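Enquirer: My questions concern the predicted model and sequence given below.
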Amino acid sequence: MLVANRDQRRWLNLAAAGASAGLMGYALFLQHVQGLEPCPLCVFQRLAVIALGVIALVAGLHAPRGASARGYAGLALLAAAGGAVVAGRHAWLQQLPADQVPACGPGLDYVLEVFPLAEALKLVFEGSGECANVQWSFLGLSMPAWVFLWCVGLGIWSVVVNWRRLPA
């Protein structure tokens, strides 16, 4: 039994928020200190990790029970699924043979300024040549592959921590 009372639920949610903050801190370190600029798909993965962290932080501060706890689990699961889909797509692009990689397109700022939102999102999710570059890896997995694993893990964590009913 992982969660037996509200205090444990609180701390387990705050741990998930801390993990999300750590992931974002490392991503910002890689960007601003190591010089690895995020591609458009990376930006959307960051948004998913931030959403997971915010949901976990609010759940941790609220220490919910009942339907509100399951609501946090559902929201976190949606954010985690969104992050996992984007990260999975990104990791897939990185595995393509060089001749099948989409051509590099304009930057995210330009796409969001010029195109309607629906078309801009479509262009971003198609990916581009810059999204296929593996700039960082650890234990043989690229950053999008790690983000995929973290999103899946944090999504499962949130459901396990928040779904079960607590004793009154």
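Expert: Noted; the coordinates are in hand. Owing to the predicted nature of the structure, the values given are computational and were not obtained by experimental measurement.

Enquirer: mind listing what's buried in the biggest helix by length in the chain?
Expert: Across the chain, the helix with the greatest residue count (assigned by DSSP state H) is helix 66-95. In terms of neighbour count (16 or more other CB atoms under 10 Å), helix 66-95 has its buried residues at 69-70, 72-73, 75-77, 79-80, 82-91, 93-94. Every C-beta, even on glycine, is put in place using the N, C-alpha and C of the backbone.

Enquirer: and what of stretch 8-15?
Expert: Buried residues in stretch 8-15, counted by 16+ other CB under 10 Å: 9-10, 12-14.

Enquirer: Which residues does it contact?
Expert: 2-3, 56-57, 59-61, 63-65, 69, 72, 157-158, 161-162, 166 (CB atoms under 8 Å, 6 or more residues apart in numbering).

Enquirer: Okay, buried residues for stretch 159-168 please.
Expert: 159, 161-162, 164, 166.

Enquirer: likewise stretch 142-150?
Expert: Buried, per 16+ other CB under 10 Å, within stretch 142-150: 142-148, 150.

Enquirer: nearest to residue 45, of the residues you listed?
Expert: The shortest approach to residue 45 among the buried residues of stretch 142-150 belongs to residue 147, at 4.8 Å (CB to CB).

Enquirer: Quick one: mean pLDDT over the helix or strand the closest one falls within.
Expert: Applying DSSP states H and E as the criterion places residue 147 in helix 143-163. For helix 143-163, mean pLDDT is 91.
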